[in-house]
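Trainee: prediction below, plus the sequence it came from.
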Amino acid sequence: MDPARGGRAMTTDRRAGGPGADHAGLAARVLGTTLCVTVAVAASTYALGTVIGPGEWTRTAVRTLLVLALVTGLSRYALERSSTRRGEPLAPPAALLPSAAGLVVGAWALLGLYGGPTDRFSALIGLSNVERLVTRLQTARELTLAEVAPIDPSLPVELLAVGGAVLVFLVADLMAGGLRLGAGVGVPLLALWIPGLVLVGDVPPVAFVLTVTALVALLAVDNPHRAAPRAVAHHGARHRGPAVGARAATAVGTALAVAVVALGVGSASATLPEVASSSWSRLFSSTGSTVRLSADLDMRRDLAERSDEVVLRYRTDGDDVGPLRVFTLTGFDGTNWRRGDDRDGEPVEDGDTLLWPQDAPRETPTRLELTLESLRDTKLPLPTEPRTLDAAGDWRYDAVRDEVVGDRATDAGTTYAVTAYPRALDAEALRSAAGGDPDDPNYVDVPASEHEQEIRDLAAQVVEGAPSRYDQALALQTFFRDTSTFTYSTQVPPGESGDAVWDFLQHRTGYCVQFATSMTMMARTLGIPARLGVGFLPGQSEGDGVYRVTGRDSHAWPELYFAGLGWVRFEPTPAQQTGPAPRWATPTGNTATPGFLAPDDALTPGAEPEPSAPVSPAPTFEGDGSASVGADDTGAPCCSSPASRWSCSSVPPPGWCSAVGRGTTRSTTPRTPGATWCDGSRRSR
């Protein structure tokens, strides 16, 4: 045989679809299909960012998807190449093996990431991992029913997002790679798009474009008829062109149809009448009104309307309860407070164990009997003093954060009793406090910025001449509570630098998050360990020792550390919003009970507050219908807006507010642009 003719024959065979062409086409198809599916699912996962706050969950999801793509793509290529060499089609059971391998790896990854005792990956999987995973999934479900969008990316919520992305990828990969049904891949992707479309009514443009592009590319890469090139040639090229064109048109049409349906769902969800929208509410949540404090506080966000929902009621035999703290925050990056995952803590086994990190002189105990109403949280509100707890269920005490944490969110009607043992705090005790500070360097960490030194210099100037840590803290508190230089407002002026604390110290206008954060950071520049406490002011008296706490009572304050006494609350937010400072932090020595001037009482138009020292009238400002600081719609300094909630609101979505707020979840409330798990409104935190 003529070598030249043989060479030409081989070239012709390769062009005509011989083994060489088959293998090259196989690699392009399988790996291209896997790449397109991965990009589409990853982009769709980012669409969840409209209902889940920013965090590590997006990077974790992408990394997990890449691992699954390697497993399914390479195993599918190896199987199909082996089948092609034998000249046999890949049998249906064998075509499912790559997806089965991906399922095993995906389950292992989720159990390792979210089934361990901590938030670190555990490669060794056991039954305990499965139990923790199931528990966290249950917690995630309860949080989505109770919270508002965007929800904080806690470990259970992260599990829900990453686990959902894994399941969607496995289904999409099976359809595109195993069953060769690329035109239908957009259907499982809707699972990642519908939450944002229904609850918020918005989609990230970049994620949307990437998803549609990946779907169209998938249909161009994956042509089922390429698996049998000789069969195509046998029927003739004249039949091939129209068939390919028809398939391409069908593919593009399918992708666009999925996109239109997705957008249509989001648009319809925001405009359906009450009767129709209630059906969506039943799909995504329960009815009723809920409130939950946000652990992700942003100093640059405005504070919009807050909830009037009753969070809890309590009966007490004392008159000096002070605020009820839900959690503490330590990490601050210059703009946002970030809370890590909940710690395991020690089980709260009975009502006799004193929940407090250290011993300290105590005064007469006070008993509180609390009943939760609209509050939905995994943490219990507690007095900021040493206490014992008598509560049904499984609760753990985190001594570092001084929090009581459970595995599930609380329900309406949850009751528990607390006996508080107030410490003997006064100026003398605080001035004489001596001893070591906590070892954690985060308590004195100040974010590096271009204005860090200026903040340090200002703090030193404010406390100049103060002989003790207590006097320094008092000087800082007095500095911020001076209403002739600081203005309480729910509208935060735009930032002019990368340091939100410095910006606040320049425009001197904000609400409790700005006041508390700035005092915390300035205390840290002086070497004083400081953290942020978040919870509720004591509320309004209903008589007979009963107090009512609403969403408007939510608040944030700084806590400074004093050796031998522990963490001590100070109050830099002006008295018009919070009432008198704590009795131990009152320069005049006034012993007015801390916090008992409830916001709604203190802020009634025309009413005069009763602070421990004279203050100037509250300044007026414009915004959201507020006529003056203290008007009823400003409410508690730290409630988050109902906008952008997993529940309902009639307020347009202004973005994230810096703290806590309401999540009304009434299924009979009409939708607004932006939504909640319950009925579609957005929250501003």
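Mentor: Cool, got the structure. Numbers count the residues shown, from 1 in each chain.

Trainee: how does the protein divide up, domain by domain?
Mentor: Using automatic domain parsing, the domain parsing of the chain gives 18-271, 292-441+476-665.

Trainee: any idea which of these is most buried?
Mentor: Between the domains of the chain, domain 292-441+476-665 has the highest mean count of neighbours, a mean of 21, where neighbours are mean count of other Cβ atoms under 10 Å. Where C-beta positions appear, they are placed from N, C-alpha and C, glycine not excepted.

Trainee: using TSV, lay out the domains of the chain together with mean pLDDT and distance to residue 447.
Mentor: As requested, the domains of the chain are exported to TSV (pLDDT from 0 to 100; distance: least, Cβ to Cβ, whole Å):
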stretch	mean pLDDT	distance to residue 447
domain 18-271	75	17
domain 292-441+476-665	77	4
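
Trainee: residue boundaries of the helices in the stretch 101-250 of the chain?
Mentor: Ranges of helices in the stretch 101-250 of the chain, per DSSP state H, counting those that start in this stretch, are 127-146, 155-173, 186-199, 205-221, 229-235, 237-271.

Trainee: re the thing from before, distance to residue 461 for the domains of the chain - can I get that in a markdown table?
Mentor: Output for the domains of the chain, formatted as a markdown table (distance: least, Cβ to Cβ, whole Å):
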| stretch | distance to residue 461 |
| --- | --- |
| domain 18-271 | 36 |
| domain 292-441+476-665 | 10 |
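
Trainee: for residue 459, find the nearest of those domains.
Mentor: Smallest distance to residue 459 across these (Cβ to Cβ): 4.0 Å, for domain 292-441+476-665.

Trainee: check this protein for its longest strand and report it.
Mentor: Identified as the longest strand of the chain according to DSSP state E is strand 554-562.

Trainee: okay, whatever helix or strand comes next after that strand in PDB with CA atoms only?
Mentor: The C-terminal neighbour of strand 554-562 among helices and strands, as given by DSSP states H and E, is strand 566-569. Presented in PDB, the C-alpha positions along strand 566-569 are these (Å, rounded to 0.1, in the frame of the first residue of the first chain):
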ATOM      1  CA  GLY A 566     -16.000  41.600  84.600                       C
ATOM      2  CA  TRP A 567     -17.700  43.400  81.700                       C
ATOM      3  CA  VAL A 568     -19.400  46.600  82.600                       C
ATOM      4  CA  ARG A 569     -22.000  48.500  80.500                       C
END
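
Trainee: can you name every helix or strand that strand 566-569 contacts?
Mentor: Where contact means 3 or more Cβ pairs under 8 Å, 6 or more residues apart in numbering; DSSP states H and E, strand 566-569 is packed against strand 530-536, strand 554-562.

Trainee: okay, now the sheet partners of the longest one, with direction.
Mentor: It refers to strand 554-562. strand 530-536 (antiparallel), strand 566-569 (antiparallel) (DSSP bridges).

Trainee: save the ones you listed as JSON lines, and put in distance to residue 60 too.
Mentor: Formatted as JSON lines, those follow (distance: least, Cβ to Cβ, whole Å):
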{"stretch": "strand 530-536", "distance to residue 60": "26"}
{"stretch": "strand 566-569", "distance to residue 60": "33"}
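
Trainee: quick one, which of those strands gets closest to residue 553.
Mentor: Residue 553 lies closest to strand 530-536 among the strands paired with strand 554-562, at 4.6 Å (Cβ to Cβ).

Trainee: can you show me the CA trace of the helix or strand residue 389 falls within as CSV?
Mentor: Assigning secondary structure by DSSP H and E places residue 389 in strand 387-391. In CSV, the C-alpha atoms belonging to strand 387-391 read as follows (Å, rounded to 0.1, in the frame of the first residue of the first chain):
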residue,chain,number,x,y,z
ARG,A,387,-27.7,35.2,87.0
THR,A,388,-29.1,31.7,87.3
LEU,A,389,-31.4,30.3,84.6
ASP,A,390,-34.3,27.9,84.8
ALA,A,391,-35.4,27.0,81.3
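
Trainee: which helices and strands sit right next to that strand?
Mentor: Checking 3+ Cβ pairs under 8 Å, 6+ apart, strand 387-391 ends up next to strand 415-420.

Trainee: contacts for the strand it packs on next, please.
Mentor: Here strand 415-420 makes contact (Cβ atoms under 8 Å, 6 or more residues apart in numbering) with 318, 321, 351, 365-372, 380, 382-383, 385-392.

Trainee: strand partners of it, parallel vs antiparallel please.
Mentor: Assessed with DSSP bridges, strand 415-420 is paired to strand 366-372 (antiparallel), strand 387-391 (antiparallel).

Trainee: rewinding a little: residue 344 is nearest to which of the strands paired with strand 554-562?
Mentor: strand 530-536 (20.0 Å).

Trainee: isn't residue 517 right up against residue 499?
Mentor: No - Residue 517 is not in contact with residue 499 according to Cβ atoms under 8 Å; the separation is 11.3 Å.

Trainee: which ones are touching residue 393?
Mentor: Each residue near residue 393 by Cβ under 8 Å, 6+ apart is listed here: residue 406.

Trainee: would you convert the strands paired with strand 415-420 into JSON lines that also reports distance to residue 208?
Mentor: Converted to JSON lines, those look like this (distance: least, Cβ to Cβ, whole Å):
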{"stretch": "strand 366-372", "distance to residue 208": "40"}
{"stretch": "strand 387-391", "distance to residue 208": "46"}
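
Trainee: nearest to residue 536, of those?
Mentor: Here strand 366-372 is closest among these (Cβ to Cβ), at 11.0 Å.

Trainee: partner strands of whichever helix or strand comes after the closest one and their direction?
Mentor: Counting by DSSP H and E, the next helix or strand C-terminal to strand 366-372 is strand 382-383. Using DSSP bridges, the strands paired with strand 382-383 are strand 324-329 (antiparallel).

Trainee: who touches the strand it pairs with?
Mentor: 293, 295, 297, 312, 337-339, 377, 379-384, 401-403, 531-536, 538, 549, 559, 567.

Trainee: where along the stretch 401-550 of the chain do the strands fall?
Mentor: Assigned by DSSP state E, counting those that start in this stretch, the strands in the stretch 401-550 of the chain fall at 403-406, 415-420, 487-488, 509-510, 530-536, 540-543, 546-550.

Trainee: so what does the first one touch, helix or strand wise?
Mentor: It stands for strand 403-406. Using 3+ Cβ pairs under 8 Å, 6+ apart, strand 403-406 sits against strand 324-329, strand 395-398.

Trainee: and the shortest one, what does it pack onto?
Mentor: Counting contacts by 3+ Cβ pairs under 8 Å, 6+ apart, strand 395-398 packs against strand 346-347, strand 403-406.

Trainee: who wins for proximity to residue 132 among those strands?
Mentor: Using Cβ to Cβ, the nearest of the helices and strands packed on strand 395-398 to residue 132 is strand 403-406, at 14.3 Å.

Trainee: what comes into contact with the closest one?
Mentor: With contact meaning Cβ under 8 Å, 6+ apart, strand 403-406 is reached by 326-328, 342-343, 345, 348, 355, 378-380, 382, 389, 391, 393-398.

Trainee: at 6 Å what do you get?
Mentor: Residues from elsewhere that reach strand 403-406 (Cβ atoms under 6 Å, 6 or more residues apart in numbering): 327, 342, 378, 379, 380, 395, 396, 397.

Trainee: ditto for stretch 60-77
Mentor: Under the contact criterion Cβ under 6 Å, 6+ apart, stretch 60-77 has outside partners 30-31, 34, 38, 41-42, 45, 98, 101-102, 105-106, 109, 162, 165, 169, 173, 177.

Trainee: run the last query once more with 7 Å
Mentor: Stretch 60-77 has contacts (Cβ atoms under 7 Å, 6 or more residues apart in numbering) with 26-27, 30-31, 34, 38, 41-42, 45, 97-99, 101-102, 105-106, 109, 113, 158, 161-162, 165-166, 169, 173, 177.

Trainee: now the helices and strands packed on strand 566-569 as TSV including distance to residue 431?
Mentor: Formatted as TSV, these follow (distance: least, Cβ to Cβ, whole Å):
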stretch	distance to residue 431
strand 530-536	18
strand 554-562	9
